[in-house]
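**Q** Sharing a model prediction with you, sequence too.
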Amino acid sequence: MNELVKRDAIAVAKTEIQSRQSKGQTKRTLATKFGLKPNEAGRVIRTAVRELYDCDNRDPIYWLLQDCGDSTPLQRRFARWKQKKLMQDPAIAHRVELLCSSRA
(Lines give C-alpha, C1' and ligand atoms only; values in the text may rest on other atoms or scores of the structure.)
Protein backbone atom coordinates (compact mmCIF):
# COMPACT_ATOMS: atom_id res chain seq x y z
CA MET A 1 0.00 0.00 0.00
CA ASN A 2 1.54 3.28 -1.03
CA GLU A 3 1.81 6.24 1.36
CA LEU A 4 -0.95 8.32 -0.26
CA VAL A 5 -3.49 5.49 -0.10
CA LYS A 6 -2.41 4.76 3.48
CA ARG A 7 -3.01 8.40 4.55
CA ASP A 8 -6.46 8.36 2.89
CA ALA A 9 -7.31 5.04 4.57
CA ILE A 10 -6.24 6.39 7.97
CA ALA A 11 -8.41 9.50 7.43
CA VAL A 12 -11.43 7.31 6.61
CA ALA A 13 -10.72 5.09 9.64
CA LYS A 14 -10.56 8.16 11.91
CA THR A 15 -13.92 9.33 10.58
CA GLU A 16 -15.44 5.89 11.21
CA ILE A 17 -13.97 5.72 14.73
CA GLN A 18 -15.21 9.21 15.61
CA SER A 19 -18.69 8.34 14.35
CA ARG A 20 -18.57 5.34 16.73
CA GLN A 21 -18.70 2.62 14.08
CA SER A 22 -17.74 -0.87 15.20
CA LYS A 23 -14.30 -2.24 14.35
CA GLY A 24 -15.86 -4.78 11.96
CA GLN A 25 -17.82 -2.09 10.13
CA THR A 26 -14.69 0.05 9.86
CA LYS A 27 -12.75 -2.91 8.41
CA ARG A 28 -15.52 -3.52 5.85
CA THR A 29 -15.49 0.16 4.86
CA LEU A 30 -11.71 0.09 4.38
CA ALA A 31 -11.94 -3.16 2.39
CA THR A 32 -14.63 -1.69 0.13
CA LYS A 33 -13.02 1.70 -0.48
CA PHE A 34 -9.35 0.70 -0.62
CA GLY A 35 -9.37 -3.06 -1.28
CA LEU A 36 -7.49 -3.81 1.95
CA LYS A 37 -7.22 -7.28 3.43
CA PRO A 38 -8.52 -7.69 7.01
CA ASN A 39 -5.04 -7.68 8.58
CA GLU A 40 -4.05 -4.55 6.63
CA ALA A 41 -7.30 -2.86 7.68
CA GLY A 42 -6.54 -3.77 11.30
CA ARG A 43 -3.14 -2.07 11.06
CA VAL A 44 -4.75 1.03 9.57
CA ILE A 45 -7.32 1.10 12.40
CA ARG A 46 -4.53 0.75 15.01
CA THR A 47 -2.66 3.66 13.41
CA ALA A 48 -5.83 5.79 13.34
CA VAL A 49 -6.52 5.04 17.03
CA ARG A 50 -2.94 5.99 17.90
CA GLU A 51 -3.29 9.30 16.05
CA LEU A 52 -6.70 10.10 17.55
CA TYR A 53 -6.12 9.10 21.16
CA ASP A 54 -2.31 9.23 21.54
CA CYS A 55 -2.36 5.56 22.51
CA ASP A 56 -2.77 2.10 21.01
CA ASN A 57 -6.13 0.33 21.19
CA ARG A 58 -4.42 -2.22 23.46
CA ASP A 59 -3.41 0.55 25.89
CA PRO A 60 -5.58 0.87 29.04
CA ILE A 61 -6.08 4.58 28.35
CA TYR A 62 -7.96 3.67 25.15
CA TRP A 63 -10.71 2.08 27.23
CA LEU A 64 -11.03 5.20 29.33
CA LEU A 65 -11.40 7.41 26.27
CA GLN A 66 -14.22 5.32 24.82
CA ASP A 67 -17.60 6.83 25.63
CA CYS A 68 -19.41 3.52 25.25
CA GLY A 69 -18.82 3.71 21.51
CA ASP A 70 -18.71 -0.04 20.93
CA SER A 71 -21.59 -1.60 19.09
CA THR A 72 -23.06 -4.17 21.49
CA PRO A 73 -24.40 -3.82 25.04
CA LEU A 74 -21.91 -6.48 26.19
CA GLN A 75 -18.97 -4.48 24.81
CA ARG A 76 -20.31 -1.28 26.40
CA ARG A 77 -20.68 -3.04 29.75
CA PHE A 78 -17.13 -4.38 29.45
CA ALA A 79 -15.81 -0.89 28.61
CA ARG A 80 -17.60 0.62 31.63
CA TRP A 81 -16.23 -2.15 33.89
CA LYS A 82 -12.75 -1.64 32.47
CA GLN A 83 -13.01 2.13 33.00
CA LYS A 84 -14.05 1.74 36.63
CA LYS A 85 -11.29 -0.78 37.28
CA LEU A 86 -8.58 1.30 35.60
CA MET A 87 -9.56 4.58 37.26
CA GLN A 88 -8.70 3.00 40.63
CA ASP A 89 -5.03 3.17 39.61
CA PRO A 90 -3.79 6.70 40.49
CA ALA A 91 -1.15 6.72 37.74
CA ILE A 92 -3.71 5.94 35.04
CA ALA A 93 -6.21 8.45 36.49
CA HIS A 94 -3.50 11.14 36.34
CA ARG A 95 -2.68 10.24 32.70
CA VAL A 96 -6.36 10.55 31.78
CA GLU A 97 -6.58 13.97 33.44
CA LEU A 98 -3.54 15.13 31.47
CA LEU A 99 -4.94 13.81 28.18
CA CYS A 100 -8.35 15.38 28.76
CA SER A 101 -6.88 18.74 29.75
CA SER A 102 -4.62 18.78 26.67
CA ARG A 103 -7.64 18.17 24.40
CA ALA A 104 -9.70 21.03 25.85
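**A** That came through, no problem.
**Q** Can you pull out the low-pLDDT segments for this protein?
**A** 1, 54-76, 100, 102-104 (pLDDT under 70).
**Q** Please parse it into its domains.
**A** Using automatic domain parsing, the domains assigned to the chain come out as 1-53, 59-104.
**Q** Name the helix or strand for A13, please.
**A** Here A13 sits within helix 3-18, counting by DSSP states H and E.
**Q** Residues contacting that helix, please?
**A** With Cβ atoms under 8 Å, 6 or more residues apart in numbering as the contact definition, helix 3-18 has outside contacts at 1, 25-26, 29-30, 33-34, 36, 41, 44-45, 47-49, 51-52, 69. (C-beta placed from N, C-alpha, C; glycine too.)
**Q** Give me the buried entries from those residues.
**A** Neighbour counting with 16 or more other Cβ atoms under 10 Å marks 26, 29-30, 34, 36, 41, 44-45, 47-49, 52 as buried within these.
**Q** nearest to R20, of those?
**A** Distance to R20 across the buried ones among the contacts of helix 3-18 (Cβ to Cβ) is lowest for T26, with 10.2 Å.
**Q** separation between the closest one and A91?
**A** Separation of T26 from A91 (Cβ to Cβ, to the nearest Å): 30 Å.
**Q** same thing with P38?
**A** Distance from P38 to A91, by Cβ to Cβ: 35 Å.
**Q** and these two? which has more neighbours close in?
**A** P38 (12 against 7; other Cβ atoms under 10 Å).
**Q** From L99, how far off is the nearest residue to that one once chain neighbours are set aside?
**A** The shortest distance from P38 to any non-neighbouring residue, by Cβ to Cβ, 6 or more residues apart in numbering, is to K27 (5.9 Å). Noted for K27: a distance of 26 Å to L99, by Cβ to Cβ.
**Q** who's more crowded, these two?
**A** Set K27 next to L99 and count neighbours by other Cβ under 10 Å: K27 wins out with 22 against 15.
**Q** neighbours around P90, how many?
**A** The burial count for P90: 8, using other Cβ under 10 Å.
**Q** Report the separation between it and I17.
**A** The gap separating P90 from I17 is 28 Å, by Cβ to Cβ.
**Q** ok, now V96?
**A** Distance from V96 to I17, by Cβ to Cβ: 18 Å.
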